[in-house]
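*Asks:* next comes the sequence, and after it the predicted model I'd like to discuss.
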Amino acid sequence: KRKIIRPLLPFTREQIQVYAATHKIDYVEDSSNAKNNYTRNLLRNIVLPEIEKAFPATIQNIQHNIERFEEIKSLYHEALTMRLKK
């Protein structure tokens, strides 16, 4: 089983662009990110900005929930491992 590691996921595009500029790193964006053909791009480019207008803390809340789900996943995995050992 492969584990996907996304070390930049907690950061916004703007934060990554500022970091890249500060450290003189070329910032390259995949041209497909601007197209809304893919569900993830439609959500990122249209849906989330509209939700944020009504609920400004949306992104922070989503990130917080992702962290909580990761903790729950770890606890569940631990409990399952202990159960299977019995």
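*Replies:* Everything's here; your move. Computed from a prediction, not measured in an experiment: that's the story for all the values here. Numbers count the residues shown, from 1 in each chain.

*Asks:* now do whichever helix or strand residue 71 is part of, average pLDDT.
*Replies:* Following DSSP states H and E, one finds residue 71 within helix 58-85. On average, the pLDDT along helix 58-85 is 93.

*Asks:* show me what counts as buried in it.
*Replies:* For helix 58-85, a neighbour-count test (16 or more other C-beta atoms under 10 Å) marks nothing as buried. From N, CA and C alone the C-beta is placed, and that goes for glycine too.

*Asks:* same question, stretch 5-22
*Replies:* Of the residues in stretch 5-22, none is buried (16+ other C-beta under 10 Å).

*Asks:* first to last residue in that stretch, what's the distance?
*Replies:* 24 Å (C-alpha to C-alpha, to the nearest Å).

*Asks:* and the strand or helix carrying residue 48, how far out from the chain's middle?
*Replies:* Element membership for residue 48 (DSSP H and E) is helix 48-54. Put simply, helix 48-54 sits 17 Å off its chain's centre (C-alpha atoms, centre = their mean, to the nearest Å).

*Asks:* before we move on, what about stretch 49-62?
*Replies:* For stretch 49-62, the distance to the chain centre is 14 Å (C-alpha atoms, centre = their mean).

*Asks:* no further questions, thank you.
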